[in-house]
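K.L.:
What shape does this take:
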Amino acid sequence: MLINSPKMRLNFFLAIRRKFLKCSLVTGLTCLSAITVSAVTTAQSNSSPKIVTTFLPIHLFTKAVVGDTGQVNILISPGTEVHDYQATPNDVKTITEADVLVENGLGIEEFLAGLVTNAGNSQLQQIDSSEGIEVIKEEHGEHEEEQGHHHEGGNPHVWLDPVLAQQQVANIRDRLIAINPTNADNYRTNAEAYIQQLQQLDNEFSQRLAPVKGCNFITFHDAFPYLAQRYQLKQEAIVEIPEDSITPKDIQRVQQAANQYQVKALLTEPEIEDKRMQQISSDLNLPLEAIDPLESGETDPQYYFQVMRGNLEALERACH
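P.N.:
Numbers count the residues shown, from 1 in each chain. You can find the predicted model right below:
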């Protein structure tokens, strides 16, 4: 490993000096050899950048690329609403001490610009994982404007498309290699393994959803247009939850949309339990299935595949 910064060189030689003073004259040569190995190991471990991610799916992708070559922290605890997140003083401290910040981009992390400014970390490297992805523009009806989850730059939920997720992983890999070339081989190997899993997941979605192409569904969170577009389904987002409970006006809107678009299913989220949604499902004689936007859950990179395969099963049930 090249020790190519003044700080790393200083730490290297200080480590040698401290340990050498403890060696006896008899065993000095052997001890010096051990010291050198120890110091190099210390320098290697210190070379990994301090990486912070914004929220769960980006954390999963980044951890998959980094593997065991470094630690990856997360700003927004899984299960915390990212759309309306307000940064804390502890977040400022975290960004001040970080070397790299990885975000989804596309406007979903609205808090981020102010946070980075307040942190004043001029050395911070930022990675936009959605760079180069073609965005689906959002069309806002009156009810969506009222809910407040509209994004001027387009819909940001690209991580829910296994093909676009591959591009996000590749973006993270390439930028980390540029930032920390010492770990380039590890980043490439780890990313390739994860991308292969994403390719397999895409194949599963393509094969199993082929028989239900054209299936229209209603969701209560405008999170699945990329997933629907990829596999030739149609998302009709009607009302967003959990910010506001369903009103009679919303129920009427769901009924009108179900008739207009001849939808086959209502899709909700695992954490949301609303008896009125069950009632809508019963009144319209439409199945109600849970589909997960992956904003809460486990921080193991393999959790992405567990959730997405569950989403695939839900879509199969809903559209048959």
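
K.L.:
ok, now which ones touch the residue nearest to Asn121 when sequence neighbours are not counted?
P.N.:
In space, Asn121 comes closest to Thr96 once its chain neighbours are excluded; the distance is 5.3 Å by C-beta to C-beta, 6 or more residues apart in numbering. The C-beta positions use only the backbone N, C-alpha and C, and glycine is treated the same way. Contacts for Thr96 were tallied using C-beta atoms under 8 Å, 6 or more residues apart in numbering; they are Ala119, Gly120, Asn121.

K.L.:
number of nearby residues for the second one?
P.N.:
Using other C-beta atoms under 10 Å, Gly120 is surrounded by 10 other residues.

K.L.:
Look up how far Val102 lies from it.
P.N.:
Noted for Gly120: a distance of 19 Å to Val102, by C-beta to C-beta, to the nearest Å.

K.L.:
Closest to Ala257 out of the contacts of Thr96?
P.N.:
The nearest member of the contacts of Thr96 to Ala257, counting by C-beta to C-beta, is Ala119 at 43.6 Å.

K.L.:
So for that closest one, what's the nearest residue that isn't a sequence neighbour?
P.N.:
Excluding the flanking residues, the one nearest Ala119 by C-beta to C-beta, 6+ apart is Ile95, at 3.8 Å.

K.L.:
quick one, phi/psi of the one you found?
P.N.:
phi -70, psi -30 (degrees, to the nearest 10).

K.L.:
For the stretch 151-300 of the chain, just list every one of the strands.
P.N.:
Secondary structure of the stretch 151-300 of the chain (DSSP state E, counting those that start in this stretch): strands at 216-219, 234-237, 265-268, 288-290.

K.L.:
residues in contact with whichever helix or strand comes after the last one?
P.N.:
When you say that, I think you mean strand 288-290. Note on strand 288-290: by DSSP states H and E, the next helix or strand toward the C-terminus is helix 303-319. The contact list for helix 303-319 (C-beta under 8 Å, 6+ apart) reads 57, 60-61, 160, 162, 165, 197, 201, 204-205, 208-209, 212, 215, 217, 227, 233, 264-265, 267, 287, 289-292, 294, 297.

K.L.:
Contacts only, for the nearest residue to Leu176 once chain neighbours are set aside.
P.N.:
Closest residue to Leu176 apart from its sequence neighbours, by C-beta to C-beta, 6+ apart: Tyr187 at 5.1 Å. Neighbour list for Tyr187: Val65, Val66, Thr69, Arg173, Leu176, Ile177, Asn180 [criterion: C-beta under 8 Å, 6+ apart].
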